[in-house]
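Colleague: Below is the sequence, then the predicted model.
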Amino acid sequence: MKIVIPGGTGQVGGVLRRALGAAGHEVVVIGRSSGVRWDGRTIGAWAEEVDGADVVINLAGRSVSCRYTRENLDEMMRSRVESARVVGEAIARAGKPPKVWLQMSTATIYAHRFDAPNDEATGVIGGHEEGVPGYWAFSVEIAKNWEAELERADTPRTRKVAMRAAMVMSPDRGGVFDYLSWLARLGLGGAVAGGRQYVSWIHDDDFVRAVALLIREPIEGAVNLAAPEPLPQKDFMRELREAWGRPVGLPATRWMAEIGAFAIRSDTELLLKSRRVVPGRLNEAGFEFHFPKWGAAAQNLVERRR
């Protein structure tokens, strides 16, 4: 197949590029700084790659690994909404549109909660939960607007899927696993603010296989791309430390986490929001995870990283 990946220059794009290329597909990356060039908001010559493609996987959007200033939040919103809109326009204009459009979304769309997992059918969409910073609601609005552009696009000949992805764990440099491993190896990977908040994740092998299933099967709408067993942050980090052979991880209070996030130019929402997400629709489709449990997944990633 010919698979076009707008925004495919980041960590997740790298995971897909390698796997899809190794499987014999033609992979075309559209990016601001490499691949076929675009600006992420207007139709250009890049749209010719969409016409005649079999699949479009849109990953475009400003990284969430930054300080959540008003400027950065606004850019997160613009980059996601505008890129989804213009990809939809390119598909709508195509003489031979792709059969499938997989649009990246995020598990952050669900509410900060501890009591029950969020699947696609019964999950609670977040926005204004009690006891959390008000600006967290903006991340949910970004996700909702992202998915709204997908739904709004007039592409009747193209099946559309919103991929509500949890953190994709790969051994690549610069990804979330790399950062968490750095903390664990320094002895800093303990519980943050008590560590009760849930961490949802998916191993890169399962992410690629889930994407292949969504290309192959007649599934539409929102799909959670997350391992079936999210776990509290304190347990998540303990199992990661065990994989690295680090028995001790210093805990951090909320204010310590704020200082650390400021130092690395990130935001505490990424550490403190409880994302308890499970793959209801993947399970219904008969998807079998190679790495359903974090301990085994972490061990595999560490071995590949060494």
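Modeller: Alright, I've got the coordinates.

Colleague: Spatially nearest residue to Asp205, not counting backbone neighbours?
Modeller: The shortest distance from Asp205 to any non-neighbouring residue, by C-beta to C-beta, 6 or more residues apart in numbering, is to His290 (5.5 Å). Bear in mind the C-beta positions are built from the backbone N, C-alpha and C, glycine included.

Colleague: which SS state does the one you found fall under?
Modeller: With DSSP: H, G, I helix; E, B strand; the rest coil as the basis, His290 sits in coil.

Colleague: got the residue ranges for the helices in the stretch 201-306 of the chain?
Modeller: In the stretch 201-306 of the chain, helices defined by DSSP state H, counting those that start in this stretch lie at 204-216, 233-244, 254-263, 269-272, 280-284, 294-305, listed in chain order.

Colleague: Can you tell me which of those helices has the worst average pLDDT?
Modeller: When these are ranked by mean pLDDT, helix 254-263 comes last with a mean of 74.

Colleague: from the chain's centre, how far out does that one sit?
Modeller: Remark: helix 254-263 is offset 23 Å from the chain centroid, using C-alpha atoms, centre = their mean, to the nearest Å.

Colleague: just stretch 70-87 next, same as before
Modeller: Here stretch 70-87 is found 15 Å from its chain centre; the criterion is C-alpha atoms, centre = their mean.

Colleague: What are the contacting residues of it?
Modeller: Stretch 70-87 is contacted from outside by 6-7, 38, 40-43, 50, 56, 58, 60-62, 64, 66, 101, 103, 135, 138, 141-142, 145-146, 149-150, 153, using C-beta atoms under 8 Å, 6 or more residues apart in numbering.

Colleague: out of the residues you listed, which are inside helices?
Modeller: Secondary structure from DSSP state H places 50, 138, 141-142, 145-146, 149-150 of the contacts of stretch 70-87 in helices.

Colleague: Show me just the buried residues among these.
Modeller: Among the ones in helices among the contacts of stretch 70-87, those buried by neighbour count (16 or more other C-beta atoms under 10 Å) are 50, 138, 142, 146, 149-150.

Colleague: picking that back up, quick check: which of the helices of the stretch 201-306 of the chain is nearest to Ala184?
Modeller: Ala184 lies closest, by C-beta to C-beta, to one member of the helices of the stretch 201-306 of the chain: helix 233-244, at 4.7 Å.

Colleague: got a list of contacts for the closest one?
Modeller: Outside helix 233-244, the residues that touch it by C-beta under 8 Å, 6+ apart are 180-181, 183-185, 189-192, 194-199, 201, 231, 247-249, 271, 294-295, 298-299, 301-302.

Colleague: Now it: buried residues?
Modeller: 233-241, 243-244.

Colleague: what ranges do the strands span in the stretch 1-150 of the chain?
Modeller: 2-6, 26-31, 36-37, 55-58, 100-106 (DSSP state E, counting those that start in this stretch).

Colleague: Next, format those strands as JSON lines and append mean pLDDT and mean neighbour count.
Modeller: Output for the strands of the stretch 1-150 of the chain, formatted as JSON lines (pLDDT from 0 to 100; neighbours: other C-beta atoms under 10 Å):
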{"stretch": "strand 2-6", "mean pLDDT": "98", "mean neighbour count": "25"}
{"stretch": "strand 26-31", "mean pLDDT": "98", "mean neighbour count": "20"}
{"stretch": "strand 36-37", "mean pLDDT": "97", "mean neighbour count": "14"}
{"stretch": "strand 55-58", "mean pLDDT": "98", "mean neighbour count": "26"}
{"stretch": "strand 100-106", "mean pLDDT": "97", "mean neighbour count": "24"}
